[in-house]
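> below is the sequence, then the predicted model.
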Amino acid sequence: MLRASRAVSQRLLRGIENRVAGTNWRRVFVMQRYEVSASVLKGGAATAKAKQSAIRFDGSAQQDPALPGPAELLAAAFAACALKNVERFSKILPFHYESASIHVVAEREEPPPRIVSIRYTLKIDTDESANRVELLHRNLRKFGTVYNTLAAACHVNGEIVVGNTGTNSRERANDEQS
């Protein structure tokens, strides 16, 4: 019986391999697409449009004191990814929290100009245990699209700071990402 099921499994696997052979692996797996359109006016006033929203940003040769530039938008994308996944994993795990906020610092080096490091502190108001907070942090690191993209290009390191309602207790979950 064991040999029969092993043989069936091997035939099925060969059939899948034969169907997939010669095809683009990207077509085999479901891919999501993200689309943004952006424009700039002479002088640097720029806008990016995604879905139903418009995001103003600095597209000038200098640095605008009020509008975020591309590097700040990259850090904001990282922050949005982390916070979106806090909410996502609050449903999946489940993980109870009241609020969350994040501070992100992206460090630039040149030449050539590039982001070489991202540090973050995620503050979360929860009564969950330290083990559950670490589980959340592991999931944020493992399943964040922007997190994984940036971690492949630069050093990402961060912590979660927990504040239990009515207390000043602090739990740290250090990121071992290199």
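Nice, thanks for sending it over.
> shouldn't residue 54 be in contact with residue 47?
Yes - contact criterion Cβ atoms under 8 Å: residue 54 and residue 47 qualify, at 5.2 Å. Using the backbone N, CA and C atoms, a C-beta is placed for each residue, glycine as well.
> the more surrounded of those two?
residue 47 (14 against 11; other Cβ atoms under 10 Å).
> contacting residues around that one?
Residues counted as contacts of residue 47 (Cβ atoms under 8 Å, 6 or more residues apart in numbering) are 38, 39, 54, 55, 56, 57.
> which parts of the protein are helices?
Secondary structure of the chain, counting by DSSP state H: helices at 2-20, 25-28, 70-92, 130-143, 145-151.
> hmm, who's touching the fourth one?
Read it as helix 130-143. 82, 85-86, 89, 92-93, 95, 122, 124, 126, 128, 147-148, 151, 160, 162, 171, 173, 175, 177.
> would you mind listing which of the residues you listed are buried?
Buried subset of the contacts of helix 130-143 (neighbour count, 16 or more other Cβ atoms under 10 Å): 82, 85-86, 89, 95, 122, 124, 126, 128, 147, 151, 160, 162, 171, 173, 175.
> of those residues, closest to residue 113?
Distance to residue 113 across the buried ones among the contacts of helix 130-143 (Cβ to Cβ) is lowest for residue 151, with 19.5 Å.
> from residue 49, how far out is that closest one?
28 Å (Cβ to Cβ, to the nearest Å).
> residue 87 now?
Applying Cβ to Cβ to residue 87 and residue 49 gives a distance of 24 Å.
> cool, and residue 84?
Between residue 84 and residue 49 the distance is 19 Å, computed by Cβ to Cβ.
> so where's this structure uncertain?
The chain contains residues with pLDDT under 70 at 1-29, 164-178.
> one more pass at 90, please.
For the chain, applying pLDDT under 90 flags the ranges 1-32, 163-178.
> might one say that residue 82 is in contact with residue 122?
Yes - between residue 82 and residue 122 there is a contact at 6.0 Å, judged by Cβ under 8 Å.
> mutual contacts of the two, please.
Common neighbours of residue 82 and residue 122, using Cβ under 8 Å, 6+ apart, are 102, 140.
> what count of nearby residues applies to residue 78?
Residue 78 has 24 neighbours, counted by other Cβ under 10 Å.
> who touches it in this structure?
Here residue 78 is in contact with 104, 106, 118, 120, 146, 147, 150 (criterion: Cβ under 8 Å, 6+ apart).
> would JSON lines of those with distance to residue 78 be doable?
Listed next are the contacts of residue 78 as JSON lines, based on distance: Cβ to Cβ, whole Å:
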{"residue": "104", "distance to residue 78": "5"}
{"residue": "106", "distance to residue 78": "8"}
{"residue": "118", "distance to residue 78": "6"}
{"residue": "120", "distance to residue 78": "7"}
{"residue": "146", "distance to residue 78": "5"}
{"residue": "147", "distance to residue 78": "7"}
{"residue": "150", "distance to residue 78": "6"}
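> alright, calling it a day.
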